[in-house]
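*Asks:* could you work out the structure for the sequence below:
(one chain, ligands or ions: 2)
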Amino acid sequence: MATKTILKLTGVGRQYGQGDTVLSILKGADFSLKSGEIVALVAPSGTGKSTLLHLAGLLEHPDEGEIHIDGEACGNLSDDRRTAIRRGDIGFVYQFHHLLPEFTALENIMMPQLIAGLPVKEAKERAAALLDYMRIGHRADHRPAELSGGEQQRVAIARAVANAPLLLLADEPTGNLDPETASYVFDALQALVRQSGLAAMIATHNHELAARMDRRVTLEGGKIIDF
Ligand code: ADP
Ligand code: MG
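*Replies:* Numbers count the residues shown, from 1 in each chain. Ligands and ions are numbered 1, 2, ... in the order given. Next up is the predicted model:
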(Lines give C-alpha, C1' and ligand atoms only; values in the text may rest on other atoms or scores of the structure.)
(Ligands and ions follow the chains in the order given, each with its own letter.)
Protein backbone atom coordinates (compact mmCIF):
# COMPACT_ATOMS: atom_id res chain seq x y z
CA MET A 1 0.00 0.00 0.00
CA ALA A 2 1.56 3.33 -1.06
CA THR A 3 2.06 5.72 1.82
CA LYS A 4 0.76 9.24 1.76
CA THR A 5 0.68 12.14 4.15
CA ILE A 6 -2.52 11.96 6.15
CA LEU A 7 -1.92 14.66 8.76
CA LYS A 8 0.14 17.80 8.18
CA LEU A 9 0.57 20.79 10.48
CA THR A 10 2.36 23.88 9.20
CA GLY A 11 3.24 26.81 11.45
CA VAL A 12 0.52 25.92 13.91
CA GLY A 13 0.08 28.21 16.90
CA ARG A 14 -2.32 27.92 19.80
CA GLN A 15 -2.54 30.19 22.82
CA TYR A 16 -4.79 30.39 25.82
CA GLY A 17 -5.40 33.58 27.71
CA GLN A 18 -5.00 33.19 31.46
CA GLY A 19 -5.88 36.40 33.24
CA ASP A 20 -3.45 39.00 31.97
CA THR A 21 -0.98 36.50 30.59
CA VAL A 22 -1.01 34.50 27.39
CA LEU A 23 -0.09 30.85 27.58
CA SER A 24 1.58 29.76 24.33
CA ILE A 25 1.00 26.03 23.95
CA LEU A 26 2.01 25.64 20.30
CA LYS A 27 4.11 28.12 18.35
CA GLY A 28 5.18 27.58 14.75
CA ALA A 29 4.62 23.84 15.11
CA ASP A 30 5.24 21.66 12.06
CA PHE A 31 4.46 18.00 11.85
CA SER A 32 3.53 15.36 9.36
CA LEU A 33 2.27 11.80 9.66
CA LYS A 34 1.97 9.19 6.91
CA SER A 35 -0.46 6.35 6.39
CA GLY A 36 0.63 3.18 8.17
CA GLU A 37 2.73 5.14 10.66
CA ILE A 38 2.25 5.12 14.44
CA VAL A 39 3.80 8.00 16.33
CA ALA A 40 4.00 8.33 20.11
CA LEU A 41 3.40 11.77 21.59
CA VAL A 42 5.30 11.81 24.87
CA ALA A 43 5.42 14.98 26.96
CA PRO A 44 4.77 15.95 30.58
CA SER A 45 1.28 16.70 31.78
CA GLY A 46 0.09 20.20 30.92
CA THR A 47 2.41 20.70 27.94
CA GLY A 48 -0.32 20.50 25.31
CA LYS A 49 -0.77 16.88 24.17
CA SER A 50 -4.56 17.03 24.35
CA THR A 51 -4.55 20.46 22.71
CA LEU A 52 -2.50 19.07 19.80
CA LEU A 53 -4.78 16.05 19.40
CA HIS A 54 -7.88 18.26 19.50
CA LEU A 55 -6.42 20.51 16.79
CA ALA A 56 -5.45 17.51 14.64
CA GLY A 57 -8.91 16.07 15.19
CA LEU A 58 -10.57 19.33 14.06
CA LEU A 59 -12.21 19.71 17.47
CA GLU A 60 -10.48 23.08 17.89
CA HIS A 61 -9.13 25.75 15.55
CA PRO A 62 -5.48 26.84 15.62
CA ASP A 63 -4.78 30.56 16.16
CA GLU A 64 -2.12 30.43 13.45
CA GLY A 65 -1.04 28.04 10.75
CA GLU A 66 -2.82 25.34 8.83
CA ILE A 67 -3.85 21.74 9.31
CA HIS A 68 -4.21 19.42 6.31
CA ILE A 69 -6.06 16.13 6.55
CA ASP A 70 -5.41 13.84 3.58
CA GLY A 71 -4.21 16.83 1.57
CA GLU A 72 -7.18 19.06 2.34
CA ALA A 73 -6.55 22.39 4.11
CA CYS A 74 -9.05 22.52 6.96
CA GLY A 75 -8.75 26.10 8.27
CA ASN A 76 -11.36 27.73 6.11
CA LEU A 77 -13.76 24.83 5.72
CA SER A 78 -17.38 25.09 6.79
CA ASP A 79 -18.40 23.50 10.07
CA ASP A 80 -20.37 20.92 8.08
CA ARG A 81 -17.32 19.89 6.07
CA ARG A 82 -15.16 19.73 9.22
CA THR A 83 -17.77 17.54 10.88
CA ALA A 84 -17.87 15.28 7.82
CA ILE A 85 -14.07 14.87 7.90
CA ARG A 86 -14.17 14.22 11.65
CA ARG A 87 -16.83 11.54 11.25
CA GLY A 88 -15.48 9.91 8.13
CA ASP A 89 -11.72 10.25 8.30
CA ILE A 90 -10.79 10.58 11.97
CA GLY A 91 -11.18 8.20 14.89
CA PHE A 92 -10.65 9.40 18.47
CA VAL A 93 -9.88 7.37 21.58
CA TYR A 94 -9.85 9.02 25.00
CA GLN A 95 -8.29 8.00 28.31
CA PHE A 96 -11.74 7.19 29.63
CA HIS A 97 -13.73 5.20 27.14
CA HIS A 98 -16.75 7.55 26.68
CA LEU A 99 -18.87 4.61 25.57
CA LEU A 100 -22.62 5.08 25.76
CA PRO A 101 -23.61 3.31 29.02
CA GLU A 102 -27.08 2.19 27.96
CA PHE A 103 -25.90 0.43 24.80
CA THR A 104 -24.01 -2.86 24.39
CA ALA A 105 -20.45 -3.11 23.11
CA LEU A 106 -21.78 -4.17 19.70
CA GLU A 107 -24.27 -1.27 19.55
CA ASN A 108 -21.61 1.24 20.58
CA ILE A 109 -19.51 0.20 17.59
CA MET A 110 -22.53 0.17 15.26
CA MET A 111 -23.50 3.74 16.21
CA PRO A 112 -20.98 5.76 14.17
CA GLN A 113 -21.68 3.54 11.17
CA LEU A 114 -25.43 4.08 11.42
CA ILE A 115 -24.85 7.84 11.72
CA ALA A 116 -22.77 7.57 8.53
CA GLY A 117 -25.75 5.94 6.82
CA LEU A 118 -24.66 2.29 6.70
CA PRO A 119 -27.46 -0.32 6.72
CA VAL A 120 -28.01 -2.03 10.10
CA LYS A 121 -26.95 -5.44 8.80
CA GLU A 122 -23.60 -4.19 7.50
CA ALA A 123 -22.95 -2.09 10.60
CA LYS A 124 -23.62 -5.13 12.77
CA GLU A 125 -21.35 -7.39 10.74
CA ARG A 126 -18.50 -4.90 10.84
CA ALA A 127 -18.97 -4.27 14.58
CA ALA A 128 -18.90 -8.02 15.25
CA ALA A 129 -15.78 -8.44 13.09
CA LEU A 130 -14.03 -5.61 14.95
CA LEU A 131 -14.95 -7.12 18.33
CA ASP A 132 -13.53 -10.46 17.16
CA TYR A 133 -10.44 -8.70 15.92
CA MET A 134 -9.99 -7.07 19.34
CA ARG A 135 -10.57 -10.55 20.83
CA ILE A 136 -13.71 -9.58 22.73
CA GLY A 137 -16.35 -11.11 20.48
CA HIS A 138 -17.71 -12.94 23.51
CA ARG A 139 -18.48 -9.57 25.16
CA ALA A 140 -20.62 -8.19 22.29
CA ASP A 141 -23.84 -8.06 24.30
CA HIS A 142 -22.33 -6.57 27.46
CA ARG A 143 -22.88 -2.97 28.46
CA PRO A 144 -19.78 -0.88 29.31
CA ALA A 145 -20.34 -1.23 33.08
CA GLU A 146 -20.14 -5.01 32.66
CA LEU A 147 -16.71 -4.83 30.99
CA SER A 148 -13.22 -4.55 32.51
CA GLY A 149 -11.17 -1.40 31.89
CA GLY A 150 -9.10 -3.15 29.22
CA GLU A 151 -12.23 -4.47 27.50
CA GLN A 152 -13.85 -1.04 27.58
CA GLN A 153 -10.80 0.48 25.89
CA ARG A 154 -10.76 -2.23 23.24
CA VAL A 155 -14.42 -1.47 22.48
CA ALA A 156 -13.58 2.26 22.35
CA ILE A 157 -10.75 1.55 19.88
CA ALA A 158 -13.06 -0.62 17.75
CA ARG A 159 -15.63 2.19 17.76
CA ALA A 160 -12.99 4.75 16.74
CA VAL A 161 -12.11 2.74 13.64
CA ALA A 162 -15.67 1.60 12.84
CA ASN A 163 -15.94 3.97 9.88
CA ALA A 164 -12.49 2.99 8.58
CA PRO A 165 -10.86 6.39 9.24
CA LEU A 166 -7.55 7.52 7.76
CA LEU A 167 -6.32 8.93 11.05
CA LEU A 168 -6.54 7.56 14.59
CA LEU A 169 -5.90 9.98 17.45
CA ALA A 170 -5.62 8.51 20.93
CA ASP A 171 -5.25 10.58 24.10
CA GLU A 172 -3.53 8.41 26.72
CA PRO A 173 -5.70 5.43 25.76
CA THR A 174 -3.98 3.09 28.20
CA GLY A 175 -3.31 5.69 30.90
CA ASN A 176 -6.04 4.22 33.03
CA LEU A 177 -4.91 0.58 32.81
CA ASP A 178 -2.43 -1.60 34.68
CA PRO A 179 0.84 -2.21 32.75
CA GLU A 180 -0.04 -5.71 31.58
CA THR A 181 -3.50 -4.72 30.31
CA ALA A 182 -2.03 -1.56 28.73
CA SER A 183 0.46 -3.69 26.83
CA TYR A 184 -2.27 -6.07 25.65
CA VAL A 185 -4.57 -3.22 24.52
CA PHE A 186 -1.67 -1.55 22.74
CA ASP A 187 -0.86 -4.80 20.91
CA ALA A 188 -4.44 -4.91 19.61
CA LEU A 189 -4.31 -1.26 18.59
CA GLN A 190 -1.00 -1.70 16.82
CA ALA A 191 -2.21 -4.79 14.92
CA LEU A 192 -5.26 -2.86 13.82
CA VAL A 193 -3.16 0.06 12.57
CA ARG A 194 -0.81 -2.30 10.70
CA GLN A 195 -3.66 -4.19 9.09
CA SER A 196 -5.67 -1.13 8.03
CA GLY A 197 -2.78 1.17 7.03
CA LEU A 198 -4.20 4.11 8.94
CA ALA A 199 -2.03 6.80 10.49
CA ALA A 200 -2.02 7.00 14.28
CA MET A 201 -0.85 9.48 16.88
CA ILE A 202 -0.96 8.22 20.43
CA ALA A 203 -0.30 10.38 23.47
CA THR A 204 1.20 8.30 26.25
CA HIS A 205 3.26 8.56 29.43
CA ASN A 206 4.34 4.97 29.02
CA HIS A 207 7.90 4.95 27.64
CA GLU A 208 7.85 1.21 27.11
CA LEU A 209 4.82 1.53 24.79
CA ALA A 210 6.32 4.61 23.12
CA ALA A 211 9.45 2.59 22.33
CA ARG A 212 7.34 0.12 20.37
CA MET A 213 5.91 2.78 18.02
CA ASP A 214 7.53 3.86 14.73
CA ARG A 215 8.46 7.36 15.90
CA ARG A 216 8.43 9.40 19.06
CA VAL A 217 7.74 13.13 19.26
CA THR A 218 7.53 15.55 22.14
CA LEU A 219 6.51 19.19 22.67
CA GLU A 220 9.27 21.69 23.35
CA GLY A 221 9.07 25.46 23.17
CA GLY A 222 5.76 25.15 21.35
CA LYS A 223 7.26 22.92 18.64
CA ILE A 224 6.75 19.26 17.84
CA ILE A 225 10.13 17.56 17.74
CA ASP A 226 11.35 14.00 17.20
CA PHE A 227 13.41 12.43 19.95
P1 ADP B 1 -1.73 17.78 28.32
O2 ADP B 1 -2.76 17.02 27.56
O3 ADP B 1 -0.34 17.60 27.79
O4 ADP B 1 -1.78 17.49 29.78
P5 ADP B 1 -3.35 20.11 27.65
O6 ADP B 1 -3.33 20.21 26.17
O7 ADP B 1 -4.57 19.55 28.25
O8 ADP B 1 -2.03 19.35 28.15
O9 ADP B 1 -3.14 21.55 28.25
C10 ADP B 1 -1.99 22.34 27.98
C11 ADP B 1 -2.08 23.63 28.77
O12 ADP B 1 -3.11 24.45 28.26
C13 ADP B 1 -2.36 23.44 30.25
O14 ADP B 1 -1.59 24.37 30.97
C15 ADP B 1 -3.82 23.76 30.35
O16 ADP B 1 -4.12 24.26 31.61
C17 ADP B 1 -4.03 24.78 29.27
N18 ADP B 1 -5.38 24.72 28.69
C19 ADP B 1 -5.91 23.67 28.05
N20 ADP B 1 -7.14 23.94 27.60
C21 ADP B 1 -7.41 25.21 27.99
C22 ADP B 1 -8.54 26.09 27.82
N23 ADP B 1 -9.64 25.71 27.17
N24 ADP B 1 -8.43 27.34 28.35
C25 ADP B 1 -7.31 27.73 29.01
N26 ADP B 1 -6.23 26.96 29.17
C27 ADP B 1 -6.28 25.72 28.68
MG1 MG C 1 -4.13 15.62 28.15
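*Asks:* the closest residue to A40 other than its chain neighbours: what's it in contact with?
*Replies:* Computed as CB to CB, 6 or more residues apart in numbering, the closest residue to A40 that is not its neighbour in sequence is A210, at 3.7 Å. Using the backbone N, CA and C atoms, a C-beta is placed for each residue, glycine as well. Contact analysis of A210 by CB atoms under 8 Å, 6 or more residues apart in numbering lists 40, 42, 204, 216.
*Asks:* got it, and G28?
*Replies:* Here G28 is in contact with 11-13, 64-65, 222-223 (criterion: CB under 8 Å, 6+ apart).
*Asks:* of the contacts of A210, closest to Q195?
*Replies:* A40 (19.3 Å; CB to CB).
*Asks:* right, and that closest one touches E208 too?
*Replies:* No. Using CB atoms under 8 Å, A40 makes no contact with E208, being 10.5 Å away.
*Asks:* between the two, which one's more packed in?
*Replies:* A40 (22 against 11; other CB atoms under 10 Å).
*Asks:* so after the helix or strand hosting that one, what's the next helix or strand?
*Replies:* Here A40, judged by DSSP states H and E, is contained in strand 38-41. The helix or strand immediately downstream of strand 38-41 is helix 49-56, counting by DSSP H and E.
*Asks:* show me what that next one is packed up against.
*Replies:* Helix 49-56 sits against strand 5-18, strand 21-34, strand 38-41, strand 167-171, strand 199-203, with contacts defined as 3 or more CB pairs under 8 Å, 6 or more residues apart in numbering; DSSP states H and E.
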